[in-house]
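Visitor: sequence isn't available, so here's the structure alone:
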């Protein structure tokens with residue numbers, strides 16, 4: 001009887017979990033699926049002011065607002081893809097705080113500050129705009145970009 005009461009108390013005290021599936025690929029799959037794998041450093045970041053939404057997630061039953069961003073990179077090393085590439089443009093999304101409040105289990109995003117002169121390992125796909133975007137969906141772009149620290 002005590003065990004039954006303990007189980008009932010635990011079940012009644014646990015709140016429902018809010019979760020969503022997140023695709024985290026191992027390095028071998030990132031390498032296989034990428035069109036371009038580079039070590040690069042951002043030289044500029046531009047907010048396009050183009051409003052959109054994050055694919056695959058909702059908050060309170062509504063799409064989560066986002067803004068399209070562009071970052072230009074100088075290539076330090078090409079590990080896969082166009083070895084002649086010296087620069088490229090990365091298209092990604094940022095949160096639009098003016099249209100939405102932060103939410104639990106939100107997107108896993110990337111951001112760049114060119115003045116920090118960090119190096120990044122990027123696993124990228126060619127996109128329809130002639131630039132590149134991260135592997136997987138833009139909602140979790142963080143998992144295709146690895147910060148390698150500042151340039152020594």
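Guide: Structure received. Quick caveat: nothing in here was measured; it's all calculated off a predicted structure.

Visitor: list the buried ones in the biggest strand by length in the chain?
Guide: Criterion DSSP state E: the longest strand present in the chain is strand 36-59. Using 16 or more other Cβ atoms under 10 Å as the burial criterion, the residues of strand 36-59 that qualify are 36-42, 45, 53-54, 56-57, 59. From N, CA and C alone the C-beta is placed, and that goes for glycine too.

Visitor: mind listing the strands it pairs with, and their directions?
Guide: strand 62-80 (antiparallel), strand 118-126 (antiparallel) (DSSP bridges).

Visitor: give me whichever of these is most buried.
Guide: Among the strands paired with strand 36-59, strand 118-126 has the highest mean neighbour count (mean count of other Cβ atoms under 10 Å), at a mean of 20.

Visitor: average model confidence for that one?
Guide: The average pLDDT within strand 118-126 is 96.

Visitor: I'd like the next helix or strand past it.
Guide: strand 132-134 (DSSP states H and E).

Visitor: please name the residues that touch residue 40.
Guide: 73-76, 88, 119-120, 122 (Cβ atoms under 8 Å, 6 or more residues apart in numbering).

Visitor: how close does it sit to residue 112?
Guide: To residue 112, residue 40 is 10 Å away according to Cβ to Cβ, to the nearest Å.

Visitor: shared neighbours, those two?
Guide: The contact sets of residue 40 and residue 112 overlap at residue 120 (Cβ under 8 Å, 6+ apart).

Visitor: circling back: among the buried residues of strand 36-59, which two are most distant?
Guide: 39 and 59 (34.9 Å; Cβ to Cβ).

Visitor: for the nearest residue to residue 77 once chain neighbours are set aside, give me the pLDDT.
Guide: In space, residue 77 comes closest to residue 39 once its chain neighbours are excluded; the distance is 4.4 Å by Cβ to Cβ, 6 or more residues apart in numbering. With respect to pLDDT, residue 39 scores 98.

Visitor: who's in contact with residue 39?
Guide: By Cβ under 8 Å, 6+ apart, the residues touching residue 39 are 75-77, 79, 119-122, 148.

Visitor: at 10 Å what do you get?
Guide: 73, 75-79, 119-122, 146, 148 (Cβ atoms under 10 Å, 6 or more residues apart in numbering).

Visitor: tell me the SS of residue 147?
Guide: Under DSSP: H, G, I helix; E, B strand; the rest coil, residue 147 falls in the strand class.
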